[in-house]
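Asks: Need coordinates for the following:
(2 chains)
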Amino acid sequence: SQTIHQWPATLVQPVGSPLSLECTVEGTSNPNLYWYRQAAGRGLQLLFYSVGIGQISSEVPQNLSASRPQDRQFILSSKKLLLSDSGFYLCAWSKLAGIKNNEQFFGPGTRLTVL
Amino acid sequence: GNSVTQMEGPVTLSEEAFLTINCTYTATGYPSLFWYVQYPGEGLQLLLKATKADDKGSNKGFEATYRKETTSFHLEKGSVQVSDSAVYFCALSDPGGYNKLIFGAGTRLAVHP
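Replies: Numbering: from 1, shown residues only, chains lettered A, B, ... in the order given. Alright, predicted model coming up:
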């Protein structure tokens, strides 16, 4: 069966510090991968998605970047955090895009607080 | 553009009450529709889905029917439990592909004994 991991679970960082959040998927190959942010009391905002190694699409301009160095690894980064980067970050995967309208499977999330 | 609109919460119910959470959508083509649930401090879990008009998705006593004529996908449960307290998200598949999803803002449900 497939599982998705995220770490760390929680993180408190000062403004201006760097960020690296990691997501890995097990039990599948060639997944589509996604990063979402959920601000307090808000819905989900898609930040990035990836259909393959090294292929990253950004949905919104921001202070963050994403990378996919391996097939089942997805990393969210920032060089300098802003207060507005605080939120709950969720990684998700879905089956290869050749099959349309597949559901996404979510990781447990990382709660980031920028002070 | 494509979008999902959910009823605003919070929705507060007593145990064993009937639940309806409204969801309407705007989309081109024929998207799939989903309900996800998020328990406190956790990621999202797929609750149910429907891939074409008149399909009914069901799981754990929850149901939703894909109504193309009213562009709706309302979530219902006949008798809620305290353990159903969570945030519920309606979503549709983005016709642009890559299995992207467009989410509604979420509806918080609180069930009291």
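Asks: So for the residue nearest the centre of chain A, what's the pLDDT?
Replies: With distances taken as C-alpha atoms, centre = their mean, residue A:35 lies nearest the centre of chain A, 2.8 Å away. Looking at residue A:35, its pLDDT reads 96.
Asks: Check which helix or strand it maps to.
Replies: Using DSSP states H and E, residue A:35 falls within strand A:32-38.
Asks: which strands and helices sit next to that strand?
Replies: With contacts taken as 3 or more C-beta pairs under 8 Å, 6 or more residues apart in numbering or on different chains; DSSP states H and E, strand A:32-38 sits against strand A:19-26, strand A:44-52, strand A:73-78, strand A:87-94. Backbone N, C-alpha and C define where each C-beta goes, glycine included.
Asks: I'd say residue A:51 and residue A:68 touch.
Replies: No - look at residue A:51 against residue A:68 with C-beta atoms under 8 Å: they stay out of range, at 9.2 Å.
Asks: out of the two, which sits in the busier spot?
Replies: residue A:68 (20 against 17; other C-beta atoms under 10 Å in any protein chain shown).
Asks: who touches the more buried one in this structure?
Replies: Applying C-beta atoms under 8 Å, 6 or more residues apart in numbering or on different chains, we find residue A:68 in contact with A:33, A:50, A:52, A:53, A:54, A:55, A:56, A:74, A:75.
Asks: Can you tell me which of these are classed as buried?
Replies: A:33, A:50, A:56, A:74, A:75 (16 or more other C-beta atoms under 10 Å in any protein chain shown).
Asks: who in chain A is up against chain B?
Replies: A:6, A:32, A:34, A:42-44, A:46, A:49, A:51, A:57, A:90, A:92, A:94-95, A:97, A:100-109, A:111 (C-beta under 8 Å from any C-beta of the partner chain).
Asks: Neighbour count says what about those? Which are buried?
Replies: So, by 16+ other C-beta under 10 Å, the buried ones in the residues of chain A next to chain B are A:6, A:32, A:34, A:43-44, A:46, A:49, A:51, A:90, A:92, A:94-95, A:97, A:101-107, A:109.
Asks: Write out the residues of chain B neighbouring chain A.
Replies: B:31-32, B:34, B:36, B:41-46, B:49, B:51, B:89, B:93, B:97-101, B:103-106.
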